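In: here is the input, now give the coordinates:
(2 chains)
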Amino acid sequence: MSEKIVLRYAPSPTGPQHIGGIRTALYCYYLAQQKGGELILRIEDTDQTRFVAGAEQFIVDSCNWLGIAFTQGVHVGGPNAPYRQSERTELYQKYAQQLLDQGHAYLAFDTPEELEAMRQRLEEAGADNRTYNYMTRMSMRNSLTLSAEEVQQRLTAGEPHVVRFKVPEKSEIRFHDIIRGHLHFHGSHVDDKVLLKSDGLPTYHLANVVDDHHMGVTHVIRGEEWLPSTPLHVLLYDALGWREEMPQFAHLALLLGPKGKLSKRAGDKYGIPVFPMDWQDKASGDTWKGYKEMGYLPEALMNYLSLLGWHPGGEQELLTREELIARFSLERCHHAGAKFDMAKLNSFQQHYLRQKPRETIAAALKPIVDAAGLPYPNEAYLAQVADLMRERITFVRDIPEQAPYFFRAPTTYNEKMTRKNWKTLNKELLTEFRGRLNELTQWSAPLVQDHFKTFLAEKEVGFGKLGAPLRLALTGLPSGPGAFDIAETIGRTEALARIDHALAELPASDQA
RNA sequence: GUCGCCGUGGACAAAUGGUAAGUCAUCACGCUUUCAACGUGAUUAUCGCGGGUUCGAUUCCCGUCGGCGAUUCCA
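Out: Okay, here's the model as predicted:
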């Protein structure tokens, strides 16, 4: 059994891709890469009523952003095309018919109202089991209770009907889950699920099993919400005669928010986006924030997301794509749901942003400052700014926010710093030092610094006496990169102008 | 209601039948002209609760509580 593994990520285009789905896709991707297997992107669009335009593209774009490479799929094609279930309906109908012919399924004509009434009846009777199965199917309107003639009659009359799976009466379903071990369920709790809907399209259960089998899928990695219906799927593999080649299952624990599951609403409330990228709901016009547009680096999200439910084993948590691929294993996946923590994600983001080349940060900075209408001489300037700021920021957009002085002279001065460091003595020192700066024929951080130190030694005063007011004059703010670096970056003319301006306009704090 | 999954410090989590790693967060100190980064250190867990097995259980068993999922002609 050293066959090539085949994995698949099979989302529904019923809305934007949830971050939890992305994590599933990531795990599939790691495994496929690690084992040199196939990774299929299959679109499960069997519910016409919930179809959302643009959702499929969003899924593809999200995966591309994170570098999740598929070997087959809607967007790349492949030997098992088509990869959209809505384009494979004949296949499902064929197997539904086969199940019908072999007595593993039957036709049902019950209306939604009748089904509701049945459930109501059972609930009122206090029945533990409210499923449509061997206990109730004989009291419903289906091809098991109706005569062959009547069934035929209804069919020719075009009466809406579905195909239901006939769950064996007494069955004990056992299967193995790679993450959770051996599991077993009683057949009495498995529904006679609808396999083919009245519109002729299959439900998830049929389509999923048929496609996984046809595409040679060896491992089904999906969310925990599928665990309860896995017994049904096992029964389906049985009935279809595919039990021998049934894929292995691995059910991932769910991703949670601060309170309960990570939903759109919870995400909104706690500031945790649930989508990888921005999404605009065309119907309502609502816009949802995504990680990409918020400025997160794909490697940061990827690294953090991977750790939510899986543990590499050692003490190292910062892992490159290659390391994630090499070390991932389903066996080390956690069973319990994991809460998403923005603070930790941010620490990863900070780490990855810090190691980006200055040019990369500058390239990301350009559109931001352009949009804000902030002036700068050229792109080399942005690179220089990026270099000075990279260790103090989490996002590129923090640069203009934290250090506006690289783009515009300060118009206001930090109050507390002014009070402490802009006294008469400070101003006098700065005034004198300002004069000395004229002596410099060249302008660079080291040159200004040398000059500064010489001056201090001469005056026999501490660094802060002059350093703080210099910073204040240059930036108006109490924190940031070294004042000399800032002076070099903004240039001689600008630096001197700012000092002059502060000296002239900002009164000493110890003067009324 | 029923079925199922899960339950280690604020969050993510490791290991183990012999009383508990690491990461993030928090705090302190160091470094630094400031901030950040970095370094060092510290605080936070009797492993949901109760019982059983055992010389000894977080680790095995049972019960219980709690969270989550499923119970849709949704996926």
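
In: just the helices from the stretch 151-300 of chain A, written as ranges.
Out: A:204-214, A:230-239, A:264-270, A:291-294, A:298-307 (DSSP state H, counting those that start in this stretch).

In: typo on my end, it should be the stretch 401-512 of chain A
Out: Using DSSP H, counting those that start in this stretch, helices in the stretch 401-512 of chain A cover A:415-421, A:424-437, A:445-459, A:463-475, A:483-490, A:492-505.

In: mean pLDDT for these - can I get that in CSV?
Out: Shown next, in CSV, are the helices of the stretch 401-512 of chain A (pLDDT from 0 to 100):
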stretch, mean pLDDT
helix A:415-421, 92
helix A:424-437, 94
helix A:445-459, 93
helix A:463-475, 95
helix A:483-490, 97
helix A:492-505, 96
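
In: got these as CSV, with mean neighbour count and distance to RNA strand B columns?
Out: (Glycine included, C-beta is placed from N, CA and C.) Formatted as CSV, the helices of the stretch 401-512 of chain A follow (neighbours: other C-beta atoms under 10 Å; distance: least, C-beta to the nearest atom of the strand, whole Å):
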stretch, mean neighbour count, distance to RNA strand B
helix A:415-421, 16, 8
helix A:424-437, 16, 13
helix A:445-459, 15, 8
helix A:463-475, 21, 4
helix A:483-490, 22, 4
helix A:492-505, 16, 14
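
In: including distance to residue A:254, could those go into TSV?
Out: Formatted as TSV, those follow (distance: least, C-beta to C-beta, whole Å):
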stretch	distance to residue A:254
helix A:415-421	46
helix A:424-437	58
helix A:445-459	52
helix A:463-475	47
helix A:483-490	47
helix A:492-505	54
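
In: look at residue A:262 and report its pLDDT.
Out: Here the pLDDT value assigned to residue A:262 is 83.

In: for it, which non-adjacent residue is spatially closest?
Out: Leaving aside its chain neighbours, residue A:262 sits nearest to residue A:255 (5.0 Å; criterion: C-beta to C-beta, 6 or more residues apart in numbering).

In: now residue A:196
Out: residue A:163 is the one closest to residue A:196 (C-beta to C-beta, 6+ apart), at 3.9 Å.

In: I'd assumed residue A:51 was in contact with residue A:13.
Out: Yes - if you go by C-beta atoms under 8 Å, residue A:13 and residue A:51 touch, sitting 6.3 Å apart.

In: which of the two has more neighbours?
Out: residue A:13 (23 against 15; other C-beta atoms under 10 Å).

In: how about that one, secondary structure?
Out: The assignment at residue A:13 comes out as coil when based on DSSP: H, G, I helix; E, B strand; the rest coil.

In: next up, the contacts around it.
Out: Neighbouring residues of residue A:13 by C-beta atoms under 8 Å, 6 or more residues apart in numbering: A:43, A:45, A:51, A:52, A:55, A:56, A:59.

In: can you tell me the closest non-neighbouring residue to it?
Out: Nearest one to residue A:13, counting by C-beta to C-beta, 6+ apart, is residue A:55 at 3.7 Å.

In: now do residue A:396
Out: Spatial nearest neighbour of residue A:396, chain neighbours left out: residue A:364 (4.4 Å); criterion: C-beta to C-beta, 6+ apart.

In: any idea which element the one you found lies in?
Out: helix A:358-371 (DSSP states H and E).

In: what is that helix packed up against?
Out: helix A:379-389, helix A:398-402 (3 or more C-beta pairs under 8 Å, 6 or more residues apart in numbering; DSSP states H and E).

In: mean pLDDT and mean neighbour count added to those helices, as a markdown table?
Out: Formatted as a markdown table, the helices and strands packed on helix A:358-371 follow (pLDDT from 0 to 100; neighbours: other C-beta atoms under 10 Å):
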| stretch | mean pLDDT | mean neighbour count |
| --- | --- | --- |
| helix A:379-389 | 97 | 19 |
| helix A:398-402 | 96 | 18 |
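
In: okay, those in a markdown table with distance to residue A:459 next?
Out: Below are those laid out as a markdown table (distance: least, C-beta to C-beta, whole Å):
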| stretch | distance to residue A:459 |
| --- | --- |
| helix A:379-389 | 28 |
| helix A:398-402 | 32 |
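
In: now these in JSON lines, with distance to RNA strand B?
Out: Formatted as JSON lines, those follow (distance: least, C-beta to the nearest atom of the strand, whole Å):
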{"stretch": "helix A:379-389", "distance to RNA strand B": "9"}
{"stretch": "helix A:398-402", "distance to RNA strand B": "8"}
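
In: residues near the residue lying closest to residue A:115 once chain neighbours are set aside, how many?
Out: Take residue A:115 and drop its neighbours on the chain: the residue closest to it by C-beta to C-beta, 6+ apart is residue A:132, 7.3 Å away. Counted with other C-beta under 10 Å, residues neighbouring residue A:132 total 21.
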